[in-house]
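[1] how would this look folded up:
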Amino acid sequence: MSQLRRRTSEVLRHPALVRYLTARLLATLAAQIQTVAVGWQVYEITRDPLDLGLIGLSQFLPFVVLILPAGQIADRYDRRNIVMGCYATETFCALLLLAFTVYRIHDPWPVFAAMTLLGCARAFSMPSGQALLPNLVPPEQFNRAVALNSSVFQISTVAGPAVGGVIYLGGPAFVYGCVGVLAATATLLMLRVRARQQQAQIREPTNLATLLSGLKFVRSKPTVFGAISLDLFAVLFGGATALLPIYASDVLHIGPAGLGVLRTAPGIGASLCAIWLAFSPIGRNVGRWMFGGVFAYGVATLVFGLSTSFWLSLLALIVLGAGDMVSVYVRHLLVQLETPDTIRGRVSAVSAVFIGASNELGEFESGLTARWWGAVRSVVIGAIATLVVTGLWVRLFPVLWKMDRFPPPAAPKPDPAAST
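    Got it, this is the predicted structure:
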(Lines give C-alpha, C1' and ligand atoms only; values in the text may rest on other atoms or scores of the structure.)
Protein backbone atom coordinates (compact mmCIF):
# COMPACT_ATOMS: atom_id res chain seq x y z
CA MET A 1 0.00 0.00 0.00
CA SER A 2 2.86 2.40 0.82
CA GLN A 3 4.36 1.76 -2.62
CA LEU A 4 1.01 2.52 -4.28
CA ARG A 5 0.74 5.77 -2.32
CA ARG A 6 4.28 6.72 -3.30
CA ARG A 7 3.54 6.13 -6.99
CA THR A 8 0.37 8.19 -6.77
CA SER A 9 2.16 11.06 -5.00
CA GLU A 10 4.83 11.02 -7.73
CA VAL A 11 2.17 11.86 -10.31
CA LEU A 12 1.17 14.93 -8.29
CA ARG A 13 4.73 16.31 -8.42
CA HIS A 14 4.02 17.67 -11.90
CA PRO A 15 2.83 21.30 -11.43
CA ALA A 16 1.11 21.37 -14.82
CA LEU A 17 -1.01 18.35 -13.88
CA VAL A 18 -1.93 19.82 -10.50
CA ARG A 19 -3.04 23.12 -12.05
CA TYR A 20 -4.98 21.30 -14.75
CA LEU A 21 -6.73 19.08 -12.21
CA THR A 22 -7.57 22.05 -9.99
CA ALA A 23 -8.98 23.99 -12.93
CA ARG A 24 -11.04 21.00 -14.00
CA LEU A 25 -12.28 20.55 -10.44
CA LEU A 26 -13.53 24.15 -10.28
CA ALA A 27 -15.01 24.17 -13.80
CA THR A 28 -16.83 20.87 -13.29
CA LEU A 29 -18.00 21.96 -9.85
CA ALA A 30 -19.43 25.09 -11.46
CA ALA A 31 -21.17 23.06 -14.16
CA GLN A 32 -22.72 20.67 -11.63
CA ILE A 33 -23.99 23.51 -9.43
CA GLN A 34 -25.44 25.20 -12.50
CA THR A 35 -27.16 21.98 -13.64
CA VAL A 36 -29.08 21.72 -10.35
CA ALA A 37 -30.16 25.37 -10.55
CA VAL A 38 -31.20 25.26 -14.20
CA GLY A 39 -33.17 22.01 -13.81
CA TRP A 40 -35.06 23.17 -10.74
CA GLN A 41 -35.67 26.68 -12.08
CA VAL A 42 -37.04 25.46 -15.43
CA TYR A 43 -39.26 22.83 -13.80
CA GLU A 44 -40.63 25.46 -11.40
CA ILE A 45 -41.51 27.67 -14.37
CA THR A 46 -43.14 25.11 -16.68
CA ARG A 47 -43.81 21.90 -14.68
CA ASP A 48 -43.24 20.06 -17.98
CA PRO A 49 -40.89 17.02 -18.00
CA LEU A 50 -40.15 17.63 -21.68
CA ASP A 51 -38.46 20.92 -20.80
CA LEU A 52 -36.00 19.00 -18.62
CA GLY A 53 -35.17 16.95 -21.70
CA LEU A 54 -34.81 20.13 -23.78
CA ILE A 55 -32.10 21.33 -21.39
CA GLY A 56 -30.03 18.33 -22.47
CA LEU A 57 -30.99 18.65 -26.12
CA SER A 58 -30.00 22.34 -26.23
CA GLN A 59 -26.47 21.29 -25.20
CA PHE A 60 -26.32 18.19 -27.38
CA LEU A 61 -27.21 19.69 -30.78
CA PRO A 62 -24.31 22.21 -30.98
CA PHE A 63 -22.07 19.63 -29.37
CA VAL A 64 -22.68 16.97 -32.02
CA VAL A 65 -22.31 19.50 -34.87
CA LEU A 66 -19.01 20.95 -33.63
CA ILE A 67 -17.27 18.03 -31.97
CA LEU A 68 -15.45 16.55 -34.99
CA PRO A 69 -14.06 19.93 -36.17
CA ALA A 70 -13.13 20.56 -32.53
CA GLY A 71 -11.07 17.38 -32.51
CA GLN A 72 -9.16 18.48 -35.59
CA ILE A 73 -8.52 21.89 -34.01
CA ALA A 74 -7.19 20.11 -30.89
CA ASP A 75 -4.58 18.38 -33.08
CA ARG A 76 -3.55 21.60 -34.84
CA TYR A 77 -3.46 24.20 -32.06
CA ASP A 78 -2.43 24.55 -28.42
CA ARG A 79 -4.82 22.37 -26.44
CA ARG A 80 -4.28 24.38 -23.27
CA ASN A 81 -5.48 27.59 -24.92
CA ILE A 82 -8.58 25.84 -26.25
CA VAL A 83 -9.53 24.54 -22.79
CA MET A 84 -8.89 27.98 -21.30
CA GLY A 85 -11.20 29.61 -23.86
CA CYS A 86 -13.92 27.07 -23.08
CA TYR A 87 -13.75 27.84 -19.36
CA ALA A 88 -14.03 31.54 -20.19
CA THR A 89 -17.16 30.76 -22.23
CA GLU A 90 -18.58 28.85 -19.25
CA THR A 91 -18.06 32.00 -17.18
CA PHE A 92 -19.96 34.04 -19.76
CA CYS A 93 -22.87 31.55 -19.75
CA ALA A 94 -23.17 31.87 -15.98
CA LEU A 95 -23.34 35.64 -16.33
CA LEU A 96 -26.07 35.29 -18.97
CA LEU A 97 -28.15 33.09 -16.68
CA LEU A 98 -27.58 35.58 -13.87
CA ALA A 99 -28.87 38.41 -16.09
CA PHE A 100 -31.95 36.39 -17.12
CA THR A 101 -32.74 35.76 -13.47
CA VAL A 102 -32.16 39.31 -12.26
CA TYR A 103 -34.41 40.71 -14.99
CA ARG A 104 -37.07 38.07 -14.14
CA ILE A 105 -37.41 36.52 -17.57
CA HIS A 106 -40.00 33.79 -16.87
CA ASP A 107 -39.49 31.90 -20.09
CA PRO A 108 -37.28 28.80 -20.50
CA TRP A 109 -36.09 29.66 -24.01
CA PRO A 110 -33.41 32.20 -22.98
CA VAL A 111 -32.11 29.52 -20.59
CA PHE A 112 -32.00 27.02 -23.47
CA ALA A 113 -30.04 29.60 -25.51
CA ALA A 114 -27.42 29.94 -22.75
CA MET A 115 -27.16 26.18 -22.46
CA THR A 116 -26.68 25.97 -26.24
CA LEU A 117 -23.65 28.25 -25.94
CA LEU A 118 -22.40 26.06 -23.11
CA GLY A 119 -22.79 23.05 -25.41
CA CYS A 120 -20.55 24.77 -27.96
CA ALA A 121 -17.87 25.25 -25.29
CA ARG A 122 -18.12 21.61 -24.23
CA ALA A 123 -17.67 20.51 -27.84
CA PHE A 124 -14.20 22.08 -27.86
CA SER A 125 -13.20 21.39 -24.25
CA MET A 126 -13.80 17.63 -24.22
CA PRO A 127 -11.42 16.52 -27.01
CA SER A 128 -8.81 19.15 -26.09
CA GLY A 129 -8.94 18.31 -22.39
CA GLN A 130 -8.75 14.54 -22.95
CA ALA A 131 -5.93 14.88 -25.48
CA LEU A 132 -4.05 17.33 -23.23
CA LEU A 133 -3.77 14.95 -20.26
CA PRO A 134 -1.08 12.68 -21.82
CA ASN A 135 1.01 15.82 -22.47
CA LEU A 136 1.15 16.58 -18.72
CA VAL A 137 2.81 13.42 -17.36
CA PRO A 138 5.34 10.80 -18.54
CA PRO A 139 3.79 7.75 -20.27
CA GLU A 140 4.55 5.40 -17.37
CA GLN A 141 2.43 7.54 -15.02
CA PHE A 142 -0.52 7.99 -17.35
CA ASN A 143 -2.71 5.24 -15.81
CA ARG A 144 -2.67 6.91 -12.42
CA ALA A 145 -3.12 10.35 -13.97
CA VAL A 146 -6.32 9.06 -15.61
CA ALA A 147 -7.58 7.73 -12.27
CA LEU A 148 -6.76 11.02 -10.53
CA ASN A 149 -8.43 12.96 -13.33
CA SER A 150 -11.53 10.82 -12.92
CA SER A 151 -11.37 11.28 -9.14
CA VAL A 152 -11.29 15.04 -9.53
CA PHE A 153 -14.27 14.92 -11.87
CA GLN A 154 -16.24 12.72 -9.50
CA ILE A 155 -15.36 14.78 -6.41
CA SER A 156 -16.80 17.81 -8.15
CA THR A 157 -19.79 15.70 -9.16
CA VAL A 158 -20.29 14.82 -5.50
CA ALA A 159 -19.84 18.32 -4.12
CA GLY A 160 -21.50 20.27 -6.95
CA PRO A 161 -25.10 19.04 -6.71
CA ALA A 162 -25.10 19.12 -2.90
CA VAL A 163 -23.73 22.65 -2.85
CA GLY A 164 -26.07 23.66 -5.66
CA GLY A 165 -29.13 22.34 -3.84
CA VAL A 166 -28.20 24.15 -0.63
CA ILE A 167 -27.21 27.51 -2.12
CA TYR A 168 -30.30 27.47 -4.34
CA LEU A 169 -32.12 28.31 -1.13
CA GLY A 170 -30.52 31.76 -1.59
CA GLY A 171 -32.09 32.01 -5.02
CA PRO A 172 -30.94 31.17 -8.55
CA ALA A 173 -29.16 34.53 -8.95
CA PHE A 174 -26.84 33.70 -6.06
CA VAL A 175 -26.14 30.29 -7.61
CA TYR A 176 -25.19 31.74 -10.99
CA GLY A 177 -22.95 34.33 -9.36
CA CYS A 178 -21.03 31.57 -7.56
CA VAL A 179 -20.77 29.57 -10.79
CA GLY A 180 -19.28 32.57 -12.58
CA VAL A 181 -16.58 33.00 -9.92
CA LEU A 182 -15.60 29.32 -10.02
CA ALA A 183 -15.42 29.22 -13.83
CA ALA A 184 -13.38 32.44 -13.96
CA THR A 185 -10.89 31.00 -11.46
CA ALA A 186 -10.56 27.85 -13.57
CA THR A 187 -9.79 30.03 -16.59
CA LEU A 188 -6.97 31.79 -14.75
CA LEU A 189 -5.49 28.49 -13.57
CA MET A 190 -5.37 27.13 -17.12
CA LEU A 191 -3.39 30.23 -18.06
CA ARG A 192 -0.55 28.90 -15.86
CA VAL A 193 -0.54 25.32 -17.18
CA ARG A 194 2.66 24.47 -19.03
CA ALA A 195 2.27 21.24 -20.98
CA ARG A 196 4.89 19.16 -22.77
CA GLN A 197 4.91 20.03 -26.45
CA GLN A 198 2.52 18.11 -28.68
CA GLN A 199 4.18 15.90 -31.25
CA ALA A 200 4.90 17.60 -34.54
CA GLN A 201 1.74 17.80 -36.57
CA ILE A 202 1.49 16.73 -40.18
CA ARG A 203 0.01 19.68 -42.07
CA GLU A 204 -2.42 17.68 -44.15
CA PRO A 205 -5.16 19.60 -45.95
CA THR A 206 -8.38 20.31 -44.09
CA ASN A 207 -10.96 18.15 -45.85
CA LEU A 208 -13.57 15.53 -45.12
CA ALA A 209 -10.99 12.75 -44.98
CA THR A 210 -8.94 14.42 -42.24
CA LEU A 211 -12.12 15.43 -40.41
CA LEU A 212 -13.32 11.83 -40.29
CA SER A 213 -9.91 10.25 -39.68
CA GLY A 214 -10.66 9.89 -35.96
CA LEU A 215 -13.84 7.97 -36.74
CA LYS A 216 -11.94 5.77 -39.19
CA PHE A 217 -9.30 5.04 -36.56
CA VAL A 218 -11.88 4.13 -33.90
CA ARG A 219 -13.74 1.85 -36.31
CA SER A 220 -10.49 -0.01 -37.02
CA LYS A 221 -10.03 -0.84 -33.30
CA PRO A 222 -12.75 -3.32 -32.18
CA THR A 223 -11.94 -2.95 -28.49
CA VAL A 224 -12.16 0.86 -28.60
CA PHE A 225 -15.27 0.89 -30.79
CA GLY A 226 -16.98 -1.70 -28.63
CA ALA A 227 -16.16 0.15 -25.41
CA ILE A 228 -17.41 3.58 -26.45
CA SER A 229 -20.50 2.26 -28.26
CA LEU A 230 -21.43 0.20 -25.19
CA ASP A 231 -21.24 3.36 -23.09
CA LEU A 232 -23.35 5.22 -25.65
CA PHE A 233 -26.32 2.86 -25.64
CA ALA A 234 -26.15 1.91 -21.96
CA VAL A 235 -26.30 5.51 -20.73
CA LEU A 236 -28.63 6.61 -23.54
CA PHE A 237 -31.31 4.17 -22.39
CA GLY A 238 -30.42 4.08 -18.69
CA GLY A 239 -30.02 7.80 -18.01
CA ALA A 240 -32.19 8.71 -15.02
CA THR A 241 -30.47 11.86 -13.79
CA ALA A 242 -32.47 14.19 -16.05
CA LEU A 243 -35.63 13.10 -14.22
CA LEU A 244 -34.26 13.66 -10.72
CA PRO A 245 -36.19 16.96 -10.32
CA ILE A 246 -39.41 14.98 -10.92
CA TYR A 247 -38.42 12.27 -8.44
CA ALA A 248 -37.41 14.87 -5.85
CA SER A 249 -40.62 16.87 -6.29
CA ASP A 250 -43.34 14.33 -7.09
CA VAL A 251 -42.12 10.85 -6.04
CA LEU A 252 -39.86 11.31 -2.99
CA HIS A 253 -41.12 14.80 -1.96
CA ILE A 254 -37.73 16.06 -0.74
CA GLY A 255 -37.42 19.53 -2.33
CA PRO A 256 -34.38 21.25 -3.90
CA ALA A 257 -32.00 20.34 -1.06
CA GLY A 258 -32.97 16.69 -1.46
CA LEU A 259 -32.48 17.02 -5.20
CA GLY A 260 -28.93 18.17 -4.55
CA VAL A 261 -28.32 15.08 -2.39
CA LEU A 262 -29.71 12.77 -5.10
CA ARG A 263 -27.51 14.36 -7.75
CA THR A 264 -24.56 13.92 -5.40
CA ALA A 265 -25.12 10.19 -4.89
CA PRO A 266 -23.75 8.92 -8.26
CA GLY A 267 -20.67 11.05 -7.69
CA ILE A 268 -20.14 9.52 -4.25
CA GLY A 269 -20.07 6.02 -5.70
CA ALA A 270 -17.89 7.11 -8.62
CA SER A 271 -15.47 9.00 -6.36
CA LEU A 272 -14.97 6.06 -4.02
CA CYS A 273 -14.40 3.82 -7.03
CA ALA A 274 -12.01 6.32 -8.67
CA ILE A 275 -9.94 6.65 -5.48
CA TRP A 276 -9.71 2.87 -5.30
CA LEU A 277 -8.62 2.76 -8.95
CA ALA A 278 -5.95 5.42 -8.31
CA PHE A 279 -4.33 3.16 -5.70
CA SER A 280 -5.17 -0.20 -7.31
CA PRO A 281 -5.53 0.20 -11.09
CA ILE A 282 -7.27 -2.57 -13.00
CA GLY A 283 -4.57 -4.83 -14.42
CA ARG A 284 -6.30 -8.08 -15.40
CA ASN A 285 -9.69 -9.09 -16.87
CA VAL A 286 -10.14 -5.59 -18.28
CA GLY A 287 -13.07 -6.51 -20.52
CA ARG A 288 -15.03 -8.31 -17.83
CA TRP A 289 -14.51 -5.39 -15.46
CA MET A 290 -16.02 -3.04 -18.02
CA PHE A 291 -19.06 -5.19 -18.76
CA GLY A 292 -19.55 -5.78 -15.04
CA GLY A 293 -19.56 -2.04 -14.41
CA VAL A 294 -22.23 -1.43 -17.07
CA PHE A 295 -24.32 -4.34 -15.74
CA ALA A 296 -24.19 -2.86 -12.21
CA TYR A 297 -25.19 0.50 -13.69
CA GLY A 298 -28.28 -1.05 -15.30
CA VAL A 299 -29.37 -2.96 -12.18
CA ALA A 300 -28.94 0.11 -9.99
CA THR A 301 -30.99 2.20 -12.44
CA LEU A 302 -33.78 -0.39 -12.27
CA VAL A 303 -33.79 -0.31 -8.46
CA PHE A 304 -33.87 3.49 -8.44
CA GLY A 305 -36.75 3.59 -10.91
CA LEU A 306 -38.91 1.31 -8.74
CA SER A 307 -37.96 2.82 -5.37
CA THR A 308 -40.23 5.09 -3.33
CA SER A 309 -37.78 5.25 -0.42
CA PHE A 310 -35.30 8.11 -0.28
CA TRP A 311 -32.57 5.97 1.30
CA LEU A 312 -32.96 3.09 -1.15
CA SER A 313 -32.92 5.56 -4.04
CA LEU A 314 -29.77 7.14 -2.63
CA LEU A 315 -28.03 3.76 -2.31
CA ALA A 316 -29.05 2.77 -5.85
CA LEU A 317 -27.58 6.00 -7.26
CA ILE A 318 -24.32 5.41 -5.36
CA VAL A 319 -23.99 1.92 -6.92
CA LEU A 320 -24.93 3.42 -10.30
CA GLY A 321 -22.05 5.89 -10.05
CA ALA A 322 -19.52 3.22 -9.04
CA GLY A 323 -20.49 0.99 -11.97
CA ASP A 324 -20.28 3.89 -14.39
CA MET A 325 -16.83 4.85 -13.06
CA VAL A 326 -15.42 1.41 -13.89
CA SER A 327 -16.62 1.59 -17.50
CA VAL A 328 -15.41 5.21 -17.88
CA TYR A 329 -11.96 4.28 -16.56
CA VAL A 330 -11.54 1.33 -18.92
CA ARG A 331 -12.89 3.22 -21.94
CA HIS A 332 -10.72 6.28 -21.39
CA LEU A 333 -7.54 4.25 -20.99
CA LEU A 334 -8.29 2.20 -24.10
CA VAL A 335 -8.85 5.33 -26.20
CA GLN A 336 -5.74 7.15 -25.02
CA LEU A 337 -3.35 4.19 -24.99
CA GLU A 338 -4.36 2.95 -28.44
CA THR A 339 -4.10 6.40 -30.07
CA PRO A 340 -0.94 8.19 -31.34
CA ASP A 341 -0.62 11.80 -30.17
CA THR A 342 -0.86 13.17 -33.72
CA ILE A 343 -4.48 12.07 -34.00
CA ARG A 344 -5.44 12.00 -30.33
CA GLY A 345 -7.62 15.12 -30.54
CA ARG A 346 -9.75 13.70 -33.35
CA VAL A 347 -10.09 10.31 -31.69
CA SER A 348 -11.01 11.99 -28.41
CA ALA A 349 -13.62 13.96 -30.34
CA VAL A 350 -15.19 10.73 -31.61
CA SER A 351 -15.23 9.39 -28.06
CA ALA A 352 -16.79 12.66 -26.93
CA VAL A 353 -19.54 12.30 -29.55
CA PHE A 354 -20.53 8.99 -27.99
CA ILE A 355 -20.30 10.40 -24.46
CA GLY A 356 -22.26 13.52 -25.37
CA ALA A 357 -24.91 11.52 -27.16
CA SER A 358 -25.33 9.21 -24.18
CA ASN A 359 -25.60 12.10 -21.72
CA GLU A 360 -27.42 15.02 -23.37
CA LEU A 361 -29.40 12.99 -25.90
CA GLY A 362 -30.15 10.52 -23.14
CA GLU A 363 -31.58 13.36 -21.06
CA PHE A 364 -33.85 14.33 -23.95
CA GLU A 365 -34.90 10.70 -24.40
CA SER A 366 -35.71 10.46 -20.68
CA GLY A 367 -37.75 13.66 -20.73
CA LEU A 368 -39.66 12.58 -23.82
CA THR A 369 -40.46 9.08 -22.58
CA ALA A 370 -41.38 10.48 -19.15
CA ARG A 371 -43.99 12.65 -20.84
CA TRP A 372 -45.33 9.59 -22.73
CA TRP A 373 -45.26 6.97 -19.97
CA GLY A 374 -44.51 8.80 -16.72
CA ALA A 375 -41.15 9.14 -14.95
CA VAL A 376 -41.15 5.74 -13.23
CA ARG A 377 -41.96 3.71 -16.34
CA SER A 378 -39.43 5.70 -18.33
CA VAL A 379 -36.60 4.85 -15.92
CA VAL A 380 -37.58 1.18 -15.54
CA ILE A 381 -37.87 0.55 -19.29
CA GLY A 382 -34.56 2.34 -19.86
CA ALA A 383 -32.82 0.20 -17.22
CA ILE A 384 -34.08 -3.00 -18.84
CA ALA A 385 -32.83 -1.75 -22.22
CA THR A 386 -29.39 -1.12 -20.69
CA LEU A 387 -29.18 -4.70 -19.43
CA VAL A 388 -30.24 -6.05 -22.82
CA VAL A 389 -27.57 -3.94 -24.57
CA THR A 390 -24.90 -5.23 -22.17
CA GLY A 391 -25.70 -8.84 -23.01
CA LEU A 392 -25.88 -8.09 -26.73
CA TRP A 393 -22.47 -6.35 -26.73
CA VAL A 394 -20.86 -9.41 -25.12
CA ARG A 395 -21.92 -11.34 -28.21
CA LEU A 396 -21.04 -8.60 -30.73
CA PHE A 397 -17.60 -7.76 -29.29
CA PRO A 398 -16.13 -11.00 -27.90
CA VAL A 399 -12.60 -9.55 -28.22
CA LEU A 400 -13.55 -6.85 -25.71
CA TRP A 401 -15.21 -9.34 -23.36
CA LYS A 402 -12.09 -11.57 -23.41
CA MET A 403 -9.59 -8.69 -23.15
CA ASP A 404 -7.21 -9.37 -20.26
CA ARG A 405 -4.76 -6.42 -20.12
CA PHE A 406 -4.56 -2.85 -21.38
CA PRO A 407 -2.40 -2.36 -24.50
CA PRO A 408 0.95 -0.55 -24.24
CA PRO A 409 0.95 3.17 -25.25
CA ALA A 410 0.72 3.66 -29.01
CA ALA A 411 4.04 4.50 -30.63
CA PRO A 412 4.21 7.80 -32.57
CA LYS A 413 3.34 7.25 -36.22
CA PRO A 414 2.12 9.30 -39.14
CA ASP A 415 -1.48 10.51 -39.18
CA PRO A 416 -3.54 7.95 -41.15
CA ALA A 417 -5.38 10.84 -42.76
CA ALA A 418 -2.18 11.90 -44.46
CA SER A 419 -2.32 8.91 -46.75
CA THR A 420 -5.91 9.53 -47.83
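
[2] mind listing what Gly85 touches?
    121, 124 (C-beta atoms under 8 Å, 6 or more residues apart in numbering). All C-beta atoms are positioned from the backbone trio N, CA, C, and that covers glycine.

[3] where in the protein is pLDDT low?
    Filtered on pLDDT under 70, the chain yields the residue ranges 1-12, 105, 140, 154, 157-158, 196-213, 238-239, 341, 353-365, 407-420.

[4] Who are the packing partners of the helix ranked longest in it?
    The residue-count maximum for a helix in the chain (DSSP state H) belongs to helix 15-46. Applying 3 or more C-beta pairs under 8 Å, 6 or more residues apart in numbering; DSSP states H and E, we find helix 15-46 packed against helix 49-76, helix 79-102, helix 108-132, helix 142-167, helix 172-191, helix 244-246, helix 255-279.

[5] Please identify the deepest-packed of those.
    helix 244-246 (a mean of 26; mean count of other C-beta atoms under 10 Å).

[6] on that earlier part again, may I see the buried residues of the longest helix of the chain?
    For helix 15-46, the neighbour count (16 or more other C-beta atoms under 10 Å) marks 16-43 as buried.

[7] one step back: identify whichever of the helices and strands packed on helix 15-46 lies nearest to Ala322.
    Ala322 sits nearest to helix 255-279 of all the helices and strands packed on helix 15-46, at 3.7 Å, using C-beta to C-beta.

[8] Show me how far the next helix or strand after the closest one is from its chain's centre.
    Sequence-wise, the next helix or strand downstream of helix 255-279 (DSSP states H and E) is helix 286-306. Distance of helix 286-306 from its chain centroid, counting by C-alpha atoms, centre = their mean, to the nearest Å, is 17 Å.

[9] What are the buried residues along helix 286-306?
    In helix 286-306, counting by 16+ other C-beta under 10 Å, buried: 286-291, 293-305.

[10] which residues sit in contact with Glu90?
    Going by C-beta under 8 Å, 6+ apart, the list of residues near Glu90 reads 27, 30-31, 118, 121, 183, 186.

[11] repeat for Arg371
    Counted by C-beta under 8 Å, 6+ apart, Arg371 has contacts 48-50, 53.

[12] Okay, it and Asp78: tell me how far apart.
    Distance of Arg371 to Asp78, given as C-beta to C-beta, to the nearest Å: 44 Å.

[13] now Gly180
    25 Å.

[14] follow-up on the earlier one: make CSV out of the helices and strands packed on helix 15-46 and add distance to Ser348.
    Converted to CSV, these look like this (distance: least, C-beta to C-beta, whole Å):
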stretch, distance to Ser348
helix 49-76, 6
helix 79-102, 10
helix 108-132, 4
helix 142-167, 13
helix 172-191, 17
helix 244-246, 28
helix 255-279, 19
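
[15] Ala31 is in contact with Gly160, isn't it?
    Yes - at 7.2 Å, Ala31 counts as touching Gly160 under the criterion of C-beta atoms under 8 Å.

[16] Please identify the buried residues of the strand or helix carrying Ile381?
    Ile381 is part of helix 375-396, with elements assigned from DSSP H and E. For helix 375-396, a neighbour-count test (16+ other C-beta under 10 Å) marks 375-376, 378-387, 389-390, 393-394 as buried.

[17] Repeat that for stretch 131-140.
    131-137.

[18] for these, which one is nearest Ala265?
    Nearest member of those to Ala265, counting by C-beta to C-beta, is Leu133, at 26.7 Å.

[19] I figured the closest one was touching Ala147, is that so?
    No - the pair Leu133 and Ala147 fails to qualify as a contact (C-beta under 8 Å) at a distance of 11.3 Å.
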